[in-house]
Each structure stands twice: as structure tokens, then as C-alpha cells.
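Peer 1: Sequence and predicted model, in that order:
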Amino acid sequence: MLDTLAMSGKDGRLRATNFLAFRCGWMSPADREDAIEAAFRRRRFWTPEALGNDLDVTETEHARARIRTFRIAGMTDADMKAKRAVKEAARKRLERLQQRLEATPRVAIFADTHST
């Protein structure tokens with residue numbers, strides 16, 4: 001979180017201070033300041049893959065939290081591409097089924113050949 005706040009612009013330092021005060025009350029003020037300084041010094045940019053791996057996010061957690069900014073831990077580009085392909089195929093199947101169910105039924109008109 002501190003890495004993200006360090007990259008968030010001119011209010012990043014204030015946001016980081018507020019975040020640590022609110023979420024990490026167990027840290028001493030000196031430890032908080034050291035953590036903030038370290039984040040601002042390294043200014044680490046996280047890739048979606050690295051963030052998912054470092055946070056060790058499971059597939060269930062990823063889905064439940066509706067996370068879209070980083071990956072499930074251990075997923076590679078190929079894994080994500082395959083997962084997207086499966087989801088897209090399922091979405092298209094559902095869309096085709098809905099179109100068939102909503103379509104107006106075709107009525108066959110038969111000439112009455114046995115008219116009297």
C-alpha cells in the first residue's frame with residue numbers, strides 16, 4: 001500500500017501517514033516514518049503478476065474481491081490468456097442461448113390442401 005501511495009502524487013506522503021495511523025496503530029511514529037521514507041526512496045512499480053504473487057492472492061480471494069488490477073498468485077501470461085478464453089467462450093454460449101430463448105418463434109404456415 002505504501003508503494004502505491006508513494007506513486008500517488010503530491011499528497012502521497014500525507015495519505016501514507018494517514019493510512020499507517022489508521023491501519024497500523026501498533027507501529028511507533030518513528031517506525032511509520034521509516035516505512036514511508038523507504039517506500040518513497042524505492043518507488044517500486046508493481047506489475048500485476050508481481051503484486052499477485054507477493055500478496056499470495058488465491059483464485060477464490062481474487063474472485064470474491066472482484067480484483068481486476070492484479071493477478072492470482074502463480075498465474076502466468078499464458079494462464080491468464082487461457083482463463084480469459086474459457087470465460088469468453090462461456091459468455092458467448094450464454095449470449096447465444098439467451099438470443100435463442102428470446103427469439104420470436106417461427107410459425108410454419110401450411111396450406112390447407114384438404115379444404116372442403
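Peer 2: The structure has been received and is ready for your questions.

Peer 1: Helices of the protein, start to end?
Peer 2: Assigned by DSSP state H, the helices in the chain fall at 2-6, 12-23, 29-42, 48-55, 59-64, 77-102.

Peer 1: Deepest in the core, which of those is it.
Peer 2: With neighbours taken as mean count of other CB atoms under 10 Å, the helices of the chain reach their highest mean count in helix 2-6, at a mean of 20. The way it works is simple: take the backbone N, C-alpha and C, and place the C-beta from them, glycine included.

Peer 1: Point out the other elements, helices or strands, that that one touches.
Peer 2: helix 12-23, helix 29-42 (3 or more CB pairs under 8 Å, 6 or more residues apart in numbering; DSSP states H and E).

Peer 1: Pull out the CA atoms of that helix and give them to me as PDB.
Peer 2: Extracted in PDB, the C-alpha atoms of helix 2-6 (Å, rounded to 0.1, in the frame of the first residue of the first chain):
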ATOM      1  CA  LEU A   2       2.800   2.400   0.800                       C
ATOM      2  CA  ASP A   3       4.400   1.700  -2.600                       C
ATOM      3  CA  THR A   4       1.100   2.700  -4.200                       C
ATOM      4  CA  LEU A   5       0.800   5.800  -2.100                       C
ATOM      5  CA  ALA A   6       4.400   6.800  -2.900                       C
END
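
Peer 1: tell me the mean pLDDT over it?
Peer 2: For helix 2-6, the mean pLDDT works out to 81.

Peer 1: Identify the residues contacting it?
Peer 2: 12-13, 15-16, 19-20, 35-36, 38-40, 42-44, 46 (CB atoms under 8 Å, 6 or more residues apart in numbering).

Peer 1: For this protein, give me the ranges with low pLDDT.
Peer 2: Low-confidence segments of the chain (pLDDT under 70): 106-116.
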